[in-house]
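Chemist: Quick one, what's the 3D model for this:
(one chain, ligands or ions: 2)
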Amino acid sequence: MANPISLPLQEKLPRKNTLKRASDLFIFLLLLSLCSYRLLHLNTHGSVWLLALTCESWFTLMWFLMMNSKWNLVDHKTYPDRLIKGMRELPPVDMFVTTADVSLEPAIVTVNTVLSLLAVDYPCHKLACYVSDDGCSPITLYSLIEASKFAQLWVPFCKKYFIRVRAPFMYFSTRPEIPSGVLEEGFLHDWRRMKSDYEELKRKIEEAAKKSLPFPLTGEFAEFSNIERGNHPSIVKVIWENKDKVPNGVPHLVYVAREKRPNQAHHFKAGAMNVLTRVSGVLTNAPFMLNVDCDMFANNPQVILHAMCILLGSKEEKDSGFVQFPQIFYGGLKDDPFGNQMVIANEFILRGIAGIQGPIYGGTGCFHTRKIIYGQPPDTKGTQGQVHEVSRERYGRSWELSKSIVKIMSGMTEETPTFHCNSSNLKAAEEVASCFYEFDTCWGTEVGWIYGSMTEDVLTGLRIHSLGWTSAFCTPQPPAFLGCAPMGGPACLNQWKRWTTGLLQILIGNHSPLLAAVTKKLKFRQCLVYILCSTWASRSIPEFFYSALPAYCLLSGTSFMPKVSDPWILVPTILFIFYNLYTLSEYLSCGLSFCTWWNNQRMQRITFLTASLFGSLGVLLKVLGISETIFEVTRKDQNDSDSINDVDAGRFTFDSSPLFVPATALVLVHLISLIGFLIGVQPLASDASESGLGEVVCSIWVLLSFMPFVKGLFGKGNFGIPRATICKAGALAFLFMHLGTKANR
Ligand SMILES: O=c1ccn([C@@H]2O[C@H](COP(=O)(O)OP(=O)(O)O[C@H]3O[C@H](CO)[C@@H](O)[C@H](O)[C@H]3O)[C@@H](O)[C@H]2O)c(=O)[nH]1
Ligand SMILES: [Mn+2]
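Modeler: Ligands and ions are numbered 1, 2, ... in the order given. Below is the predicted model:
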């Protein structure tokens, strides 16, 4: 038998994808020939062709960048059993959960995530869980205290019976499965007890959340009295300490509400993560850390072991930058009506990027080493052991924190960390959670989570890659983490708007990928990946013009497609058919339905003309100093089976947000032009009409893609586009036609 120690803990296996590459290239060639055809015939056609050419060139460039991202698909295999058998001493891990608002992120959601983390299969005296509460709500603290009591029974129960799903709400949503080798009666007895205890916990938390002041703010809660949200000192509370350092107990649990003051930038989630990094540095200082959003529970109890296979099992130090698990969602609606389950992105894009310099950091379900978060480049081992002091200018003035950083830098962390939680340590923890702590330091610029983007995750990952680290994409079965994806038009589009804003901020910021490949250690192809991400939203502008083109042509009797009699019509036709079949085949190969493909393709069109357009505009306004961008937290609901089976849940909803105006205007213009053309009216046309089949097909395709908006024109309540939005859109459509007339003269 092979010695388990000699077997690798992980393998990176390239996937064979010749057919995919050939298809990608074929589409690329078609795009190039379309552009060259336009270029050659530019002077015989007017501005319409120039506009089409500009848009198509942009799409071609994006396609090229996308092709680069998907070229080298890899699968990363991890072998946790070998890690356990190898008898290696496992390192300590600090686990971070962020929450920001109990009304959008119900405390019971956070509690379930925390419970799932406390119960993972890992020596629990090496774990500590830190919850950052940006809402500074006594309800969160109360819920966590109650949860820690429940955990005393829940964690042993999960371990005794090898329960897989350790987020109680999910576990109890199905009938009990009797684990093999246990007495049925005994198990069912324990199961019932746990279920009723969980229900009691849930009731208490929901009860507390209903009242504005659930209990007198005394004792544990005294610090919450007389404080306002956004204006309070830092609060750090040890909720549970695993005093006996026993491997089978419950990990430490700490509550952190960082200091907030009006007019002090707090940098949203990035700021919260930096506080967690420092507070945990002072209290436990584990060399590895995991971070999850409050809705992302651990669905695979071996998740830390999987991550350790990569973090400990890489031959070269630089290959263990961070380990990103895919974002996968539970309770998804049938056929993914909002196109946000990200299955295809995980399967082909992230796996492809994993074959270059490693996946981008996605903000949740990710393991980092503390050393990297402190801004260290790889292979600085040579200087280790010599670190006696770290720069106060860089890391801030806390003596306790500096001491902990020295330990990390010299690789001298303890195998079983001491929990430094006496009152002077807690004081130090509160000090590093202060909002003035980062003044004149490198936090947010070179150290920790990087500020300046709404997508702090991508920016922080970019910085890590720029230092020369490689990251890994770990995709165990069952999935490591599951979270909730937003539902309904406004919530989905607002999330996209934030991402758009954040990604564009990266492009124009100090850490722009445009520079990093030259000045830093970002690989060239990885740089292209970041350029693709950060320019993704700007595609909304060519998309906008390109979607309006067919309508304009029909109105004005011009054409932007070759005539049916022209053999060149084959190029766009084949492109159109082949592209759609190709993307469809991607969905089918992942076991997804035709409808899922269609919903995703149409949501992409919709997102560009709503969220991305406004996101880009928001960045422009910020650059001009007109407005600030803010982080709008996504609402999280524990979708139960009722809401999933509800047919209305998948229908597109609207609100009075200006987000919906441009797309509504587009739909109006298309309806007018298409109907006009079919009945023979082309209001802007000057002489003989040139428009034909090409334009009609394109116009129909746009309307099909924007079908939720077409229906929304006539829908009621949330399902209808508000009157005011329709009026504004109508005005915009009128303006479009007015300008169109001028352009055509
Ligand atoms: O001021 C804030 C705002 C947000 N959060 C937390 O950040 C997380 C992400 O917020 P969410 O509203 O769930 O955003 P999503 O769009 O779902 O999150 C994705 O995109 C974000 C960047 O836009 C990343 O921060 C996330 O990790 C990533 O999962 C949540 O745990 C929030 O509690 C804070 O702690 N403080
Ligand atoms: Mn989220």
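Chemist: Let me know the helix or strand that whichever residue of the stretch 301-450 of the chain sits closest to ligand 1 is in.
Modeler: Minimum separation of the stretch 301-450 of the chain from ligand 1 (C-beta to the nearest ligand atom) falls at Gly363, amounting to 2.2 Å. From N, CA and C alone the C-beta is placed, and that goes for glycine too. With secondary structure defined by DSSP states H and E, Gly363 is part of neither a helix nor a strand.
Chemist: is it true that it touches Leu459?
Modeler: No. Under the criterion of C-beta atoms under 8 Å, Gly363 lies out of contact with Leu459, with a separation of 10.3 Å.
Chemist: what about the two, which has more around it?
Modeler: Using other C-beta atoms under 10 Å, the more surrounded residue of Gly363 and Leu459 is Leu459, with 28 against 23.
Chemist: how near is Lys204 to Trp240?
Modeler: Relative to Trp240, Lys204 is positioned 17 Å away (C-beta to C-beta, to the nearest Å).
Chemist: Please say which of the two ends up with more neighbours.
Modeler: Neighbours were counted for Lys204 and for Trp240 using other C-beta under 10 Å; Trp240 has more, 21 against 17.
Chemist: Centre of the chain to the top helix by length along the chain, how far?
Modeler: Looking only at the chain and at elements set by DSSP state H, the helix with the highest residue count is helix 184-210. Taking the mean of its C-alpha atoms, helix 184-210 sits 32 Å from the chain's own mean (C-alpha atoms, centre = their mean, to the nearest Å).
Chemist: That helix packs against which elements?
Modeler: The contact analysis (3 or more C-beta pairs under 8 Å, 6 or more residues apart in numbering; DSSP states H and E) places helix 184-210 against helix 107-118, helix 138-160, helix 168-171.
Chemist: and if we set it to 7 Å?
Modeler: The elements that helix 184-210 packs onto, with contact taken as 3 or more C-beta pairs under 7 Å, 6 or more residues apart in numbering; DSSP states H and E, are helix 107-118, helix 138-160.
Chemist: what about dumping the CA coordinates of the last one to CSV?
Modeler: Only the C-alpha atoms of helix 138-160 are listed here, as CSV (Å, rounded to 0.1, in the frame of the first residue of the first chain):
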residue,chain,number,x,y,z
PRO,A,138,-28.4,44.0,20.0
ILE,A,139,-30.6,41.6,18.2
THR,A,140,-27.6,40.1,16.4
LEU,A,141,-25.7,39.7,19.6
TYR,A,142,-28.7,38.2,21.4
SER,A,143,-29.3,35.8,18.5
LEU,A,144,-25.7,34.7,18.6
ILE,A,145,-25.8,34.2,22.4
GLU,A,146,-28.8,32.0,22.0
ALA,A,147,-27.2,30.2,19.1
SER,A,148,-24.1,29.4,21.1
LYS,A,149,-26.2,27.7,23.7
PHE,A,150,-27.9,25.7,21.0
ALA,A,151,-24.5,24.9,19.5
GLN,A,152,-23.5,23.0,22.6
LEU,A,153,-26.0,20.3,21.5
TRP,A,154,-26.1,20.8,17.8
VAL,A,155,-22.3,20.4,17.2
PRO,A,156,-22.0,17.0,19.1
PHE,A,157,-25.2,15.8,17.4
CYS,A,158,-23.9,16.6,13.9
LYS,A,159,-20.6,14.9,14.7
LYS,A,160,-22.1,11.9,16.4
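Chemist: what packs against it?
Modeler: Where contact means 3+ C-beta pairs under 7 Å, 6+ apart, helix 138-160 is packed against helix 107-118, helix 184-210, strand 235-240, strand 252-257.
Chemist: give me that answer again for 8 Å
Modeler: Using 3+ C-beta pairs under 8 Å, 6+ apart as the contact criterion, the elements in contact with helix 138-160 are helix 107-118, strand 127-133, helix 184-210, strand 235-240, strand 252-257.
Chemist: Buried residues in it, which are they?
Modeler: 138-148, 150-151, 154-155, 157-159 (16 or more other C-beta atoms under 10 Å).
Chemist: Report whether it contacts ligand 1.
Modeler: No. Taking C-beta under 6 Å from any ligand atom as the criterion, helix 138-160 and ligand 1 are apart, separated by no less than 10.6 Å.
Chemist: quick one, that helix and strand 252-257 angle?
Modeler: Taking axes from the mean of the first three to the mean of the last three C-alpha atoms, to 10 degrees, one finds that helix 138-160 is oriented at 160 degrees with respect to strand 252-257.
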